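**Q** give me a model of this one.
(chains A and B)
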Amino acid sequence: MAVLHMQRILICALRRDRKAILELLQRRGVIEVNDVLTEDSVFHKTDSSMMKGSLTKTVTVAKEAIEILSAHSNEKTSMLSVLNGLKVATTEDYNSFTVKYHSTIKIANRIITLSKQIAESKAEILKLETQMEILTPWLSLDIPLNFEGTKYTKSFIGTLPKLWTMDSVYEKLADYLPLDVNVISSSKDQTCIFVLCQKDKADKVFETLRGMEFSLPSIAPELIPSIQLKYLEAEKVKLELEIEASVAEIISYKEYKEDLCFLQDYDTMREEKYEVLSRLCQSKNVFVITGYIPEKEVVSLSDYLNNNYEVSIEIEDPSEEEEVPVLLHNNVFSQPLEGVVASYSPPGKGEIDPTTMMSLFYYLLFGIMLSDAGYGFLIVAACGFGLLKFGRKMEQSTKNTLLMFLFCGISTVFWGVMFGSYFGDIIDVVSETYFNHKITIPALWFLPMNQPMRMLTFSMALGIIHLLTGLSIKLYQQLKQKDYKSALYDVVFWLVLLISCIVILLSMPMITNLLGVSLAIPAVIVNTSNILAILSSIGIILTNGRESRNPFKRFLKGLYAFYGISGYLSDVLSYSRLLALGLATGVIGMVINKMAAMAGKGIVGPLVFTIIVIGGHMLNLAINALGAYVHTNRLQYVEFFGKFYEGGGRTFNPFKMKTKYYKIKEKIKNEN
Amino acid sequence: MKIDMNSLGIVFALLGAVLAALLSGMGSAKGVGLAGQAAAGVVTEDPSKFGKVLILQLLPGTQGIYGLLIAFVTLSQIGILGGSSDIELWKGLLYCAACLPMAFVGYFSAVAQAKASVSSIGIIAKKPEQFGKAMIFPAMVETYAILALLISILAIFGVAGL
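**A** Sure, this is the predicted structure:
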C-alpha cells in the first residue's frame, strides 16, 4: 500500500547487556544501524577489524569444508529443495553452539587438510605414472639405466628417434669396433639401444650417436628397470590407499555437515554483529546504538527491551533533510511486485509507492501477452503446487516469485478464454485428426488471429488508459505535495490535451474506419475538444519552459515540451506489442499442433503427436513467458513509470541474520 | 519455354515468406550466439548467474520466432500448406513486400539487440542485483522488431482480403 513510515531510534544500554541486546536486534532484523554520533571524550568507537578478519576466515574455511564434503558424499539435492527454505534453529541451538564451536572448526580444518593431501597424492601418482611410462620400453634391460660402463668400457643407454635395426646401428658405428650394440625395444617412433664400446673410443662413438639424434632417457634410476617398475607400482598402490583412506575419513565427517553449515552461519552472523559493534559509540559502562526503525515495530521492540534490560530508548521522527531508507508494505496481491519496483528503484523522497497501481496492470498485461488458457493453467498449477506444498517453509523472496507468477497465470487463463486459445488450437486439431469431427471452443470475446485490427485497437486503448493512469498518479502526487502550479501546468494541461486529442481523432472517419469502430460523437463535444486542445496547447507552450527567465528562451522551451506529444504517440504505439506477442504465442502453438497432426492416425501417430505436442508447447511456453515477462517490465518501466515515477530512494537494509542455511527463531514465550 | 507471368505469383509469395524466416532466423542465430559467448564467460566466473544471463542471451532470439510466425501465416494464406495455391502475380508481389519489414528489421534488430544483450550481461557480471535494468536495454531494441512484425502481419491479412 505504501511506503512505511520510518522513525529514528536511539537505544542506550548497559555494556554488560551488549551481547544479548545486539543478538536480539540481529534476530529481529528491524533496525538499520546508522551512526550519526561522533566520538568525544566519553564515547569511543572500538576497532573490531581483527575479530572480523578471523571470523571471515572461519566462514571461508567452513564454506570450503562443506563444498569438499558435498563433493565426496554425492548428496542428491532435488530441484524442489530450494522451495524448502532455510532450516529453523532455536535460540537455544544458537547459544549452545559455543560448546561445539572449536571442535567444528577443527573438523573443518581437518577436511581441508585431507582434501589437500588427496590433491597432492593425485599429483604424485601422475608423476609415478609418467616414470612408469618412460620405463616400459626398457623392461628387458637387465642392468640399471644409470650404468656407465666398466674399467675399460663405456656404455651408452638411450633412445634414437624412428625405427632402427641392430644392423643399421652397427653400420653407422662400424669404424669404432669392437663394440656391442643391443636393441632393447623398437617402435616406429623410437628405438631404445644399449651400446658398449672401448673407453678410448667413447667420445667418437658418442659424437656419431649424437649425429643420429641419440638422447639419454629423462630418468636414470639405480635399480634395473623391471625392479624399478615394481617399486614404482608399489608406491602408486600405497598412494592410492592413502587417497582412499583420506576420502573415507572425509566421508566419515558427513554427520558433522549440519554443524559445519551452522558454523558458517554462526560466524556470518557474528561478523555482521562485529561490523555493527565497530560503529557503536561506547563509554566505560554504556553503549549507544542509533538507526532507523519502521514505526509499526517500535512498540513491540521497546516493550521487550524495557522489560528485559535496563535501557533508555528515544524515538523521534527523522528530519526533512535526512535520507530515510525505504521499506514498502503491500497486500498479498501487490507484494510480489515490490521486487520489480525495487529493481527499477525504490521510491524517492515524497513519492508514493507505485506497487499497487502497477500490480493491477502488470498481471493484466502479462496475461494479454501470453493469452493462452492452457499455458496459464500450467503456470497456475506449478506455482499453486509449490505454494501449497512448501508455502509455510519457503523464504519470502521465493514465495513472492511464485505468487507473482500465480497471479500472472490466472490472468493468462482469463485472457486465453477471452481469446479462445487453449494450447493454440489443440482441441480443434485433436478432434479433427482423430475423431473426424471438428470441435472448437469459441472465444468468449474474439479471435485476435481473425481480427487483428480489433486487437490492435484494444491494445492501444489499454495503453492510453495505462498512460493516463500514470499521469493521474503524478497529479495526485503533486497535489499531495501541495505543488498546485506544477500539477496544473505539467499534468492537467497534458491530460486535457491528450483526452481532447483522442476525442478529435475518434471523430475523424479515417481513423474510425482504420480501427474498425463506429462512434457517433456529437458535434458539440468535438468542437469543445478542439477548443480545449488549442487552449491546453497554448498553456503548455507558455508554462512548460517556466524555469527560464528569458521570455524568448521560455517560449522555445515550451514549444519543445509541446513537441513531447510525439512521445505520447510512440508510447501508445508501443502497446501494439500486446497484439504481436499474443499472436506469436497463438500462431506458434498452432504450428506445433499442425506439425504434430502430420503424423496422422494409426499406432505411431498419436505417440508422435504426444511427443511433439509436449516438447513443442513446453518450448513455446518458456519462450513466450519470457517474452511476456520482459515486455511487461518494459511497459511498466518505460511507458508507465516514465510518466510519474523517478525513484532514487534507498532500500531499508536492516541489521539482521544474513545466513545461508539456518534461520534462528526466537521462542514466542520469550517475547514479554 | 514460355512462362505464364501470372503463375509466378506463388513464387514471389513464397519468396517473401522464406525471406522472413531466413533473415530473421539468421539474425537471431547470430545474436543468440554472440550473447551466448558473453554469457558463457560470466558463468565461468560465477555459475550461480546462469539463470540471469540465460534470459539475456535469449532476448535476441525472438526475432527468429517472429520471422517463423510471418512465414507461417504467409504459407497458410497462400495455400502452400494445403488448399489452392492460385495466386496472381500482383498479389504474390504484394505478399513478398508484406514480408520484407520482418525480414530486414528482424535481421538487423536481432544483431543490434545482441550487442545490447552482451553489454547487459556485463552488467550482470558486475552488479547482478541490477537485473531489472539490464533487461530493459535489449528490450528497447526489440520494439522495432515488434513494430515490423505488426506491419507485416497487418499487411499480409490486408493483402489476403484484397
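**Q** not counting sequence-adjacent ones, nearest residue to the residue in the stretch 201-350 of chain A that chain B sits nearest to?
**A** Relative to chain B, the nearest point of the stretch 201-350 of chain A is A:S343 (2.9 Å; Cβ to the nearest Cβ). Yep, even glycine has a C-beta here, placed from its N, CA and C like the rest. What sits nearest to A:S343 in space, not counting adjacent residues and going by Cβ to Cβ, 6 or more residues apart in numbering or on different chains, is B:G132, at 2.9 Å.
**Q** burial measure for that neighbour, as a count.
**A** Neighbour count of B:G132, defined by other Cβ atoms under 10 Å in any protein chain shown: 17.
**Q** next up, the contacts around it.
**A** Counting by Cβ atoms under 8 Å, 6 or more residues apart in numbering or on different chains, B:G132 makes contact with A:340, A:343-344, A:633, A:637.
**Q** let's see the pLDDT reported for it.
**A** Among the per-residue scores, B:G132 holds a pLDDT of 83.
**Q** helix/strand/coil for it?
**A** helix (DSSP: H, G, I helix; E, B strand; the rest coil).
**Q** follow-up on the earlier one: quickly find the element holding the residue of the stretch 201-350 of chain A closest to chain B.
**A** helix A:338-344 (DSSP states H and E).
**Q** which positions in chain B make contact with chain A?
**A** Contact residues (Cβ under 8 Å from any Cβ of the partner chain) of chain B with chain A: B:55, B:58-59, B:61-62, B:65-66, B:68-69, B:72-73, B:81, B:129-133, B:135-136, B:139-140, B:142-143, B:146-147, B:149-150, B:153-154, B:157.
**Q** tabulate the contacts of B:G132 in TSV, adding columns for pLDDT, distance to A:K393 and neighbour count.
**A** Formatted as TSV, the contacts of B:G132 follow (pLDDT from 0 to 100; distance: Cβ to Cβ, whole Å; neighbours: other Cβ atoms under 10 Å in any protein chain shown):
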residue	pLDDT	distance to A:K393	neighbour count
A:V340	87	24	21
A:S343	83	25	18
A:Y344	86	30	19
A:N633	91	29	21
A:Y637	89	33	22
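**Q** got a list of contacts for stretch B:15-26?
**A** B:63-64, B:66-68, B:70-71, B:74-75, B:78, B:80, B:95-100, B:102-104, B:106-107, B:110, B:152.
**Q** check stretch A:255-270 too.
**A** Counting by Cβ under 8 Å, 6+ apart, the neighbours of stretch A:255-270 from elsewhere in the structure are A:26, A:55, A:58-59, A:62-63, A:65-66, A:69-70, A:73, A:89, A:93-94, A:97, A:100-101, A:104-105, A:107-108, A:657-662, A:664.
**Q** quick check on those: which are buried?
**A** Judged by neighbour count, with 16 or more other Cβ atoms under 10 Å in any protein chain shown as the criterion, the buried members of those are A:26, A:55, A:58-59, A:62-63, A:65-66, A:69, A:89, A:94, A:97, A:101, A:104-105, A:107-108, A:657, A:659, A:661-662, A:664.
**Q** what's the closest residue to A:S518 other than its chain neighbours sitting at in phi/psi?
**A** For A:S518, ignoring the flanking residues on the chain, the nearest one in space by Cβ to Cβ, 6+ apart is A:T512 at 6.3 Å. Main-chain torsions, A:T512, degrees, to the nearest 10: phi -60, psi -40.
**Q** tally of neighbours for A:T512?
**A** When neighbours are counted by other Cβ under 10 Å, A:T512 comes out with 17.
**Q** tell me the contacts of it?
**A** Contacts for A:T512 (Cβ under 8 Å, 6+ apart) come out as A:506, A:518-519.
**Q** quick check, nearest of these to chain B?
**A** For these, the minimum distance to chain B (Cβ to the nearest Cβ) is 18.7 Å, reached by A:S518.
**Q** show me what from the stretch 201-350 of chain A comes close to chain B.
**A** Contact residues (Cβ under 8 Å from any Cβ) of the stretch 201-350 of chain A with chain B: A:340, A:343-344.
**Q** and the next element down the chain from the helix holding A:S343?
**A** Helix A:338-344 is succeeded, C-terminally, by helix A:355-370 (DSSP H and E).
**Q** may I see the buried residues of that following helix?
**A** In terms of neighbour count (16+ other Cβ under 10 Å), helix A:355-370 has its buried residues at A:355-359, A:361-370.
**Q** how about those residues, which pair is most distant?
**A** With distances taken as Cβ to Cβ, the most widely separated pair in these is A:T356 and A:L370, at 22.5 Å.
**Q** chain neighbours aside, what residue packs nearest to residue 158?
**A** If you meant another chain, say so; for now it's chain A. Nearest-residue entry for A:G158: A:L216, 4.6 Å, with adjacent residues in sequence omitted and distances by Cβ to Cβ, 6+ apart.
**Q** my bad, the chain I had in mind was chain B
**A** The shortest distance from B:G158 to any non-neighbouring residue, by Cβ to Cβ, 6+ apart, is to B:A98 (7.7 Å).
**Q** hmm, A:Y292 and A:D317 touching each other?
**A** No: the pair A:D317 and A:Y292 fails to qualify as a contact (Cβ atoms under 8 Å) at a distance of 10.9 Å.
**Q** much appreciated, bye for now.
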